[in-house]
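**Student:** Quick check, what structure comes out for this input:
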Amino acid sequence: MAFPNDNRIILALGAVLAVVAAVVIALIFMGRGGDDEPTTPEERAGLQLDVTEAPDLEPTRELRCFVDGRFVGMATLADCARQNGVATEGLDVGLDETGALAAAPTAQFAPPPEEPPLELTEAQPITPPEVSPVGPAPQPVQAGAPCLRHVGGEWRQLSAGMSQGACVQALFAGTCVRPGDAQYGRWGDLTLRLVPRRVEQSQDNSRFRTLAEQDRNCQFPGLR
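**Tutor:** All right, here's what the predicted structure looks like:
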């Protein structure tokens, strides 16, 4: 069998073979790289999870479950709620002290304290300052109620009179709590409770309803 003597033909054949080999190698590496990408919603959620989106987790995703303050193992949100005897809405979901996603009944680790003494929650009457006939017009008296914080097993008054929004900001702005934990305050005759992602209020120190949502920076943009 005779081979061509022209070097140009040999170089051209070599170039064609090199291009074909490069294309084949590129296709092999591209195929291998695709295997590392998450292919299911569960895998993507595991990589991109945000605590503020915890209530929208996939139903089959398991997280650390607490019952009566004890870690009882991994469970889905629905299974953890059943073990606690509450609806799924009654669970707080977030990161626990280990940094793992966890669920526990609202305020399980910090139940409401006893109400403060009556003298701390009664607003003192405000007497408008006297002004002379030629003096400046009196400023309107700001309505408000006493604002108290529960810390160290006792109630401490922050202000004798402020608005509810200002009281919530003074008590809880910049503070986030873990699942099942809570912090408490008082505005007039209302109990205020900070739990993961929201602050709640109660007139009977037992049944709470949401007052304001908390953002991922532990702030309350909806309150002024």
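**Student:** Kindly state the domain boundaries assigned to this protein.
**Tutor:** Following the assignment in automatic domain parsing, the chain carries domains at 57-105, 107-122+142-224.
**Student:** and the next element down the chain from the longest strand that the chain contains?
**Tutor:** Longest strand in the chain, counting residues (DSSP state E): strand 154-162. Once the chain leaves strand 154-162, the next helix or strand it forms, by DSSP states H and E, is helix 164-172.
**Student:** buried ones in that next one?
**Tutor:** Neighbour-count burial for helix 164-172 flags 164, 166-169, 171-172 (criterion: 16 or more other C-beta atoms under 10 Å). (C-beta placed from N, C-alpha, C; glycine too.)
**Student:** from these, which single one is nearest Trp155?
**Tutor:** Nearest to Trp155 among those is Leu171, at 11.9 Å by C-beta to C-beta.
**Student:** Could you check what's spatially nearest to that closest one, not counting adjacent residues?
**Tutor:** Nearest residue to Leu171, sequence neighbours excluded (C-beta to C-beta, 6 or more residues apart in numbering): Gly185, at 4.0 Å.
**Student:** likewise Met162?
**Tutor:** Nearest residue to Met162, sequence neighbours excluded (C-beta to C-beta, 6+ apart): Gly144, at 4.6 Å.
**Student:** The one you found: what's it in contact with?
**Tutor:** Neighbour list for Gly144: 123, 159, 161-163, 166 [criterion: C-beta atoms under 8 Å, 6 or more residues apart in numbering].
**Student:** List buried residues within these.
**Tutor:** Buried by 16+ other C-beta under 10 Å: 161-163, 166, out of the contacts of Gly144.
**Student:** count of neighbours near Ser206?
**Tutor:** Here the number of neighbours of Ser206 (other C-beta atoms under 10 Å) works out to 9.
**Student:** swap in Val151?
**Tutor:** Neighbours of Val151 under the rule other C-beta under 10 Å: 12.
**Student:** where's the closest residue to Ser163 other than its chain neighbours relative to Glu119, distance?
**Tutor:** Counting by C-beta to C-beta, 6+ apart, Ser163 lies nearest to Gly144, which is 5.5 Å off, once chain neighbours are set aside. Applying C-beta to C-beta, to the nearest Å, the value for Gly144 to Glu119 is 17 Å.
**Student:** Give me the residue ranges of this structure where confidence is low.
**Tutor:** 1-16, 19-20, 23-24, 26-56, 123-143 (pLDDT under 70).
**Student:** Quick one: the helices in it, in order.
**Tutor:** For the chain, applying DSSP state H gives helices covering 7-34, 41-48, 77-84, 118-121, 164-172.
**Student:** Only alpha carbons, please: show the last one as PDB.
**Tutor:** Just to be clear, that refers to helix 164-172. The C-alpha coordinates for helix 164-172 follow below in PDB (Å, rounded to 0.1, in the frame of the first residue of the first chain):
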ATOM      1  CA  GLN A 164     -47.500  49.700  70.100                       C
ATOM      2  CA  GLY A 165     -45.300  49.800  67.000                       C
ATOM      3  CA  ALA A 166     -42.600  51.700  68.900                       C
ATOM      4  CA  CYS A 167     -42.800  49.200  71.700                       C
ATOM      5  CA  VAL A 168     -42.300  46.200  69.400                       C
ATOM      6  CA  GLN A 169     -39.300  47.900  67.800                       C
ATOM      7  CA  ALA A 170     -37.800  48.700  71.100                       C
ATOM      8  CA  LEU A 171     -38.300  45.100  72.400                       C
ATOM      9  CA  PHE A 172     -37.500  43.000  69.400                       C
END
